[in-house]
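coordinates only, no sequence provided:
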């Protein structure tokens, strides 16, 4: 979206408002598909931004769902359960029963994505106990954190698979983290996966069909980041992905942040300004409850941001350096906490009522913020595809923070 389009949305819907550019989102999916090739599938992790679910469901091979609430979102949108990978920790028996009732894990066609993941042997037992038909499963392999099962538990499951007659073990699920800076880490992970798959076949007599891999590919976020090619981190591992798929596995990569980040904007207005001890402060009608950039620390990094009234913008490290001699504002939000600092030094001209547009807001900010703090109003949500469409109006959080009487 250009500045004029963003300003038009701000004029019509006010602030604070999230705007998600659907055309940019579709273009990014197309480019990702081109990079990974036809032999590698693509799954969207809806936790990155659930408001994109209906726009993406037909553009990707599947949706990764990580909680009972996300499953209910899919039910609300009538998502075909054969497109769901039901992931996530701490699945209870109740959660498993609900997912089975919805149809999760059942193939409707060849190469269906329909799958449960299992974080532990207990989750496997829940599925075995309550399923009345064969259910697809991909156990998640531990990658050095709290997620997934150990190799020992994985080998036990494979060696005792005859005991689980309601379960069809399809493959492996592996994800260790996000925003990985160096491709060598992902390539090392792919080698590790290949070794484990070979061990399963050689020593345990079982060949997996599928691999669900979360590469955690890095996407530029801040002005100081090199955004010349935001696909570079995926391009660097594309041959490794294709090599694993070429060994006969149905490989899918799951992505959230990498898909959604660049399509999102956050519109917010300057609502107060003051100077104290030679420090110029400006305050917005949002705050860190709405603006949650991965890697931001007390406003030390400068986001990609534009003033829609003056048409000034900061989009690169060069912009920051060129504006270094300008008057800079310490930009704060509207929360009663000293932590609510958005940018410690923002070298843009600011005036009361100006609307700022923060870029790269398509992933996580809309769900990760501390939205209930101080009972502030939740922002509007607008989808843009040549014209604006309001998909969520303002929500008053004091209703959530109040008792039933």
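All right, it came through fine. Please read all numbers here as calculations on a predicted model, not as lab measurements.

every contact and neighbour count from this point should use C-alpha atoms.
Fine.

longest strand in the chain, please.
Identified as the longest strand of the chain according to DSSP state E is strand 264-276.

now that one, how far from the centre of its chain.
How far strand 264-276 lies from its chain's middle: 26 Å, per Cα atoms, centre = their mean, to the nearest Å.

same question, stretch 213-224
11 Å.

list the contacts of it.
With contact meaning Cα atoms under 8 Å, 6 or more residues apart in numbering, stretch 213-224 is reached by 173-181, 186, 226-227, 230-231, 233-234, 251-255, 257-258, 261, 293-294, 301-304, 314-317, 320, 360.

quick revisit: figure out how far the helix or strand following the longest strand of the chain is from the centre of its chain.
Next along the chain after strand 264-276, taking DSSP states H and E as the criterion, comes strand 279-284. Put simply, strand 279-284 sits 31 Å off its chain's centre (Cα atoms, centre = their mean).

buried stuff in strand 279-284?
For strand 279-284, the neighbour count (16 or more other Cα atoms under 10 Å) marks 281, 282, 283, 284 as buried.

tell me the one of these nearest residue 133?
Nearest to residue 133 among those, counting by Cα to Cα, is residue 284 at 54.2 Å.

pLDDT at residue 71, what is it?
Listed pLDDT for residue 71 reads 97.

secondary structure class for it?
Under DSSP: H, G, I helix; E, B strand; the rest coil, the three-state class of residue 71 is helix.

by contact count, what packs against the helix or strand encompassing residue 127?
Taking DSSP H and E as the criterion, the element that holds residue 127 is helix 121-130. Counting contacts by 3 or more Cα pairs under 8 Å, 6 or more residues apart in numbering; DSSP states H and E, helix 121-130 is packed against helix 93-102.

can you do 10 Å?
helix 93-102, strand 115-118, strand 135-139, helix 151-159, strand 167-169 (3 or more Cα pairs under 10 Å, 6 or more residues apart in numbering; DSSP states H and E).

in JSON lines, list the ones you listed along with mean pLDDT, mean neighbour count and distance to residue 270.
Shown next, in JSON lines, are those (pLDDT from 0 to 100; neighbours: other Cα atoms under 10 Å; distance: least, Cα to Cα, whole Å):
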{"stretch": "helix 93-102", "mean pLDDT": "96", "mean neighbour count": "17", "distance to residue 270": "44"}
{"stretch": "strand 115-118", "mean pLDDT": "94", "mean neighbour count": "29", "distance to residue 270": "45"}
{"stretch": "strand 135-139", "mean pLDDT": "95", "mean neighbour count": "25", "distance to residue 270": "49"}
{"stretch": "helix 151-159", "mean pLDDT": "96", "mean neighbour count": "16", "distance to residue 270": "53"}
{"stretch": "strand 167-169", "mean pLDDT": "95", "mean neighbour count": "21", "distance to residue 270": "55"}
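
how about those, which one is nearest residue 402?
Nearest of the helices and strands packed on helix 121-130 (Cα to Cα): helix 93-102, 27.6 Å.

how far off centre is the closest one?
24 Å.

name the helix or strand for residue 251, please.
strand 250-255.

oh, that last question was meant for residue 227, not what I typed.
With DSSP H and E as criterion, residue 227 is part of no helix or strand.

ok, now how distant is the closest residue to it other than its chain neighbours from residue 48?
Among residues not flanking residue 227 along the chain, residue 220 sits closest, at 5.6 Å (Cα to Cα, 6 or more residues apart in numbering). For residue 220, the distance to residue 48 (Cα to Cα, to the nearest Å) stands at 16 Å.

what does residue 106 give?
Separation of residue 106 from residue 48 (Cα to Cα) stands at 25 Å.

that older thread, filter the contacts of stretch 213-224 to the buried ones?
173-176, 178-180, 186, 227, 230-231, 233-234, 251-255, 257-258, 261, 293, 301-304, 314-317, 320, 360.

take those residues and keep only those in strands.
173, 174, 175, 251, 252, 253, 254, 255, 314.

count of neighbours near residue 290?
25 (other Cα atoms under 10 Å).

quick one: contacts for the nearest residue to residue 312 once chain neighbours are set aside?
Counting by Cα to Cα, 6+ apart, residue 312 lies nearest to residue 306, which is 5.8 Å off, once chain neighbours are set aside. Contact analysis of residue 306 by Cα atoms under 10 Å, 6 or more residues apart in numbering lists 3, 267, 312, 313, 314, 315, 348, 355, 356, 357, 358, 359.

beta partners for the fifth one?
For residue 314, the residues forming beta bridges with it (DSSP bridges) are residue 305.

hang on, it packs against residue 305?
Yes - if you go by Cα atoms under 10 Å, residue 314 and residue 305 touch, sitting 5.4 Å apart.

hey, what's in contact with both of the two?
222, 223, 346, 348, 358.

what does the last one show for phi and psi?
This means residue 358. Per-residue torsions, residue 358: phi -90, psi 130 (degrees, to the nearest 10).

that one - how many residues pack around it?
When neighbours are counted by other Cα under 10 Å, residue 358 registers 20.
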